[in-house]
Structure formats: structure tokens, C-alpha cells
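Chemist: Structure for the following, please:
(one chain, ligands or ions: 1)
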Amino acid sequence: MRILGICCSPRKGGNTEILLQQALQGAAEAGAETEMFTVYDKDLKPCDGCNACRKEGVCHVQDDMQPLYGKLQAAQGIVYASPVYFWSVTSQGKMILDRLNSYYALAKLSGKVGGAIAVAGALGHVEVRNLLYSFFAWNHMFIADFVPAFATDKKEVRRDRHAMTCANLLGQKMVSIARAQQSYPEAFRIPLTVHVRDNLKIPSAPAKGRFQVGGEGAGAGLPT
Ligand SMILES: Cc1cc2nc3c(=O)[nH]c(=O)nc-3n(C[C@H](O)[C@H](O)[C@H](O)COP(=O)(O)O)c2cc1C
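Modeler: Numbers count the residues shown, from 1 in each chain. Coordinates of the predicted model:
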């Protein structure tokens, strides 16, 4: 049983790292092997949109994402932890999500357990939760829980006893869920948009440009 933590703060030893450490400690107490991947010491590049990974299953961009791919594959649970930067995850956190584009198509995260942590001075936790829950759901993962924390200065989160306890319990909860070894039925793996396009051979209209606003034939093909 492996639980992987991804710490998306560029600040070494910051609040996110402290809270994620708590979560991993909880997972370890529940019997898991744990590992933390930090972004502050990594070279990470953005997705260049080539889409080759969706067919080949590997990303051609050579940087520190490459070892992370293996770690993600080996883990049964992933705790995604980020500071809130302007109502979202950090740039590094978003880069990692984007670089997992092929993982959805190839169902590589399907059935794994996802946990989320967000640290903000005041606002934006919900937006991060929405982003990460969407990512987990899109990848057919099981969502364990979300831990919001309030802190601004480095290490300040240690005073947020509620968040520190929740983080520890998040790790424990992830191990319990992963141990149950649940899986979704096959039908759940295919979103209707993909099923209708690929199996029923009905093209998705926006991709074909048929719904151009105000253009010739605008509205043609719209469902009546
Ligand atoms: C570029 C930047 C953007 C930020 N945006 C927000 C924000 O939208 N809402 C908020 O409450 N705090 C915001 N903060 C504060 C951080 O979320 C807060 O300091 C957090 O504790 C940092 O976590 P860390 O110590 O793990 O790096 C921002 C900080 C930075 C540097």
C-alpha cells in the first residue's frame, strides 16, 4: 500500500508541506508506505498540447515529471496539496495536472484514492477543491476528502490545530478506502460525450465548428 503526496508549494518547509507531512504520517500510522514529491526542487515544464501522449501513453517532455509518472502508477492513493494562488493551485500544481492529460484517456489513475489539501491566507479553498475534485472524478478516482487550512506566514499552519488533525485523519482515511479495493463498473469509465462520439459515430458539434456564433448556418444541428 503506497500513498504519494504531491506538494505544490514553491516554498520549502511551508504550510502546505507541513500539512501534507501530517497526512502522510496519518497514512503511515495506518500501515502505508509513504512518499512526498515536492515541486520546489524540481524542473517542471508545461504541457505543450501535442496530444501524442494520448496515443503513446508517454509524455515526450523531458523534465522531473518523468520520475513522477512512475510514482503515480505505483501508488494506491494520491494526496494533492497546494497553497491557494489566486483562487487556484500554484502554477507548478497546474502544470502537473496538465501533464497527466494522457492518464485520463488511458485510465491510469482509475480506482486510485484522491485526497486534497489547500492552504490559503483567507480565500480560495473552494476553488481549489472544485479543481481537484473534478480532476479526481474525471480520472475515475475515489475521493477521500478535502482539508482546508488558514495560514499566511511560513509554518503558521501549525497553529491551525483543526487542519493539522484533519490532515492526519485524511491520510488514515485514504488507507482505509484504498484497502477496500473498490472499482467502478466498466460503464462508468466512458463519459457519454466520448461514447456518443466514438461508439455511435456522432461527431461532437463544437469540435466540427458547426455551432459558430453568428456564422453561416449558425444553429444548424442544434437539438430541437
Ligand atoms: C502568488 C500568491 C498568490 C496568493 N493567492 C492567494 C489567494 O488567492 N487567496 C489567499 O487566501 N491567499 C493567497 N496567497 C497566500 C498563500 O496561499 C499562503 O501564504 C499560503 O500559506 C502559502 O502556502 P505555503 O507556505 O505552503 O507556500 C497567495 C500567495 C502568493 C505568493
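Chemist: Isn't M36 up against Q22?
Modeler: No - assessed by CB atoms under 8 Å, M36 is found out of contact with Q22, at 11.3 Å. The C-beta positions use only the backbone N, C-alpha and C, and glycine is treated the same way.
Chemist: low-scoring stretches of the chain, by residue?
Modeler: 205-224 (pLDDT under 70).
Chemist: contacting residues for the nearest residue to F135 once chain neighbours are set aside?
Modeler: The shortest distance from F135 to any residue other than its chain neighbours is 5.7 Å, reached at L97 (CB to CB, 6 or more residues apart in numbering). Contacts for L97 (CB atoms under 8 Å, 6 or more residues apart in numbering) come out as 89, 131, 135.
Chemist: Now do the SS call for L4.
Modeler: Using DSSP: H, G, I helix; E, B strand; the rest coil, the structure places L4 in strand.
Chemist: which ones are touching the residue lying closest to it once chain neighbours are set aside?
Modeler: Of all residues not flanking L4 in the chain, A75 sits nearest, at 3.9 Å (CB to CB, 6+ apart). The contact partners of A75, by CB under 8 Å, 6+ apart, come to 2-4, 35, 112.
Chemist: so which of those is the most crowded?
Modeler: I3 (27 neighbours; other CB atoms under 10 Å).
Chemist: and it, how far is that from A137?
Modeler: 20 Å (CB to CB, to the nearest Å).
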